[in-house]
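Participant: My questions are about this predicted structure, shown below with the sequence.
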Amino acid sequence: MTVSETSRQHGAVLPKATRTKVLQRQGAAVALVLMVAVSWLVFPRFGSLDNLRDLALQGSFLVVIAIGMTFVIITGGIDLSVGSLYALGGVLAAWGSQYGFLAALALPLVVCGLIGLINGLLIARTNMAPFIVTLASLLFARGLLLAITDEGANTYQIPADSAFVELGRGTVFGFGYPIFVAAVLAVLGGMVLNRTNFGQNVFATGGAEQSAVLLGVPVAKTKVLVYTMSGTLAGLAGALTAAYLQSGVTVIGVGLELDAIAVVVIGGTLLTGGMGTILGTVIGVGLIKVIQNVINQIGTLDSNYQSVVSGVFLLIVVVLQRILRR
């Protein structure tokens, strides 16, 4: 018996299917580690504490949105409305801050969650395509935003002494509160996805919907819940951003839904549904933010190259997913 045969017999060599899953799930993590290591060596400022804090803070808002998007995509759906809901949530939070902390936080969560609920009901009960339903919600939320702000002419400011501002600008050991909010939500999202019946229903719905229905999985209810979650988290991210900026900015969030989809897919979640992790999504956010930060530090490259690099990277990941799936 050869050494190779002995190794296989004792499990030293992983089966091909196992190696494929490891590569698909950990590829983004490996890329992130390599990117951070190279950036740390090439750009001295990259490893500074201030820069790492900025990276974490800027990524935290996208993480909150991408958590909801992860659940949606695992079910085999898509949510194009999160960018507009993010902007709408920020404006509603800024407007509601005049009535106190609770109003500023609750208003965007309720309104954006309600829009997400409507998305889920239309998709689950009428079998309408998620792309069409959430595209309509994108237009509705952006239109509502413009109506509230008189087509962007009014920008609602949040007083600097407001308790709500502390939610976006407060720090612990120099790290902003939004970072900790995103971290807590990521941990909770991972536990819900992997350790609850609801999480198993999410995987079953995306993996084989018809089989899930035959097995008694509440597919319709699961879809309603994930789209409601996605809308609520987008509203929360908007509220956190408004607290950080001390105003409800009307022009933010354009194209953010594409960024959310990109980081989820880069993190290893299949666009076809049935597989994905919250950790992978967080790693995807980190990878995109590191790439953007490096481009900014180069200085000679236009900021538009960030979108070019992100697009190329996403295309490579999707192609690799297709190959690995086969």
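Facilitator: Good, I have the coordinates.

Participant: what residues are up against Thr149?
Facilitator: Applying C-beta atoms under 8 Å, 6 or more residues apart in numbering, we find Thr149 in contact with 91, 155-156, 248, 250. From N, CA and C alone the C-beta is placed, and that goes for glycine too.

Participant: In helices, which of the residues you listed fall?
Facilitator: Per DSSP state H, helices hold the following members of the contacts of Thr149: Val91.

Participant: hey, which helix or strand in the protein has the poorest pLDDT?
Facilitator: In the chain, no helix or strand scores lower on mean pLDDT, DSSP states H and E than helix 3-9, which sits at a mean of 42.

Participant: which residues of this structure score low on pLDDT?
Facilitator: By pLDDT under 70, the weakly predicted segments of the chain are 1-27, 299-304, 306, 310, 313-314, 317-318, 320-322, 324-326.

Participant: For it, which segments count as strands?
Facilitator: Here the chain has its strands, by DSSP state E, at 171-172, 175-176.

Participant: For burial, what's the neighbour tally of Val110?
Facilitator: Neighbours of Val110 under the rule other C-beta atoms under 10 Å: 13.

Participant: measure it to Ala237 for me?
Facilitator: For Val110, the distance to Ala237 equals 15 Å [C-beta to C-beta, to the nearest Å].

Participant: likewise Asp79?
Facilitator: 13 Å.

Participant: and the residue found closest to Gly68 once you drop the neighbours it is linked to in the chain, what is it in contact with?
Facilitator: Spatial nearest neighbour of Gly68, excluding adjacent residues (C-beta to C-beta, 6 or more residues apart in numbering): Ser230 at 3.4 Å. By C-beta under 8 Å, 6+ apart, the contact set of Ser230 is 68-69, 71-72, 79, 82, 116, 119.

Participant: how near is Ser230 to Val72?
Facilitator: With C-beta to C-beta as the criterion, Ser230 and Val72 are 5 Å apart.

Participant: Can you work out which residues contact both of the two?
Facilitator: In contact with both Ser230 and Val72: Asp79, using C-beta under 8 Å, 6+ apart.

Participant: Enumerate every residue touching the residue nearest the centre of the chain.
Facilitator: Nearest to the mean C-alpha position of the chain, counting by C-alpha atoms, centre = their mean, stands Ala66 at 0.9 Å. Contacts for Ala66 (C-beta under 8 Å, 6+ apart) come out as 260, 263-264, 281-282, 284-285.

Participant: Quick one: residues contacting Thr75.
Facilitator: Listed by C-beta under 8 Å, 6+ apart, the contact set of Thr75 reads 202, 205-206, 222-223, 226, 273.

Participant: Let's see that with 6 Å instead.
Facilitator: 202, 205-206, 223, 226, 273 (C-beta atoms under 6 Å, 6 or more residues apart in numbering).

Participant: Filter the contacts of Thr149 down to the buried ones.
Facilitator: Neighbour-count burial (16 or more other C-beta atoms under 10 Å) is assigned, among those, to 91, 156, 248, 250.

Participant: Looking at the residues you listed, which is nearest Ala124?
Facilitator: Nearest to Ala124, judged by C-beta to C-beta, of those is Val91 at 28.5 Å.

Participant: Let me know the distance separating the closest residue to the closest one other than its chain neighbours from Gly276.
Facilitator: The spatial neighbour of Val91 that comes closest, neighbours along the chain excluded (C-beta to C-beta, 6+ apart), is Gly248 at 3.7 Å. Distance, Gly248 to Gly276, by C-beta to C-beta: 32 Å.

Participant: same thing with Met69?
Facilitator: Per C-beta to C-beta, Met69 is found 10 Å from Gly276.

Participant: Settle it for me: which of these two has more neighbours?
Facilitator: Met69 (30 against 26).

Participant: Among the contacts of Thr149, which one sits closest to Ala141?
Facilitator: Each of the contacts of Thr149 was scored against Ala141 by C-beta to C-beta, and Val91 proved nearest at 10.2 Å.

Participant: wait, what's in contact with that closest one?
Facilitator: So Val91 contacts 145, 148, 248 (C-beta under 6 Å, 6+ apart).

Participant: what do you get if the cut-off is 7 Å, keeping everything else the same?
Facilitator: By C-beta atoms under 7 Å, 6 or more residues apart in numbering, the contact list for Val91 reads 145, 148-149, 156, 248, 250.

Participant: Same question for Ala31.
Facilitator: When contacts are counted by C-beta under 7 Å, 6+ apart, Ala31 touches Leu287.

Participant: so who does Val309 touch?
Facilitator: 291, 295.

Participant: these two touch, right, Ala56 and Ile179?
Facilitator: Yes - with contact defined as C-beta atoms under 7 Å, Ala56 counts as touching Ile179 (4.9 Å).

Participant: My read is that Ala93 contacts Thr241, right?
Facilitator: No - with contact defined as C-beta under 7 Å, Ala93 does not count as touching Thr241 (8.5 Å).
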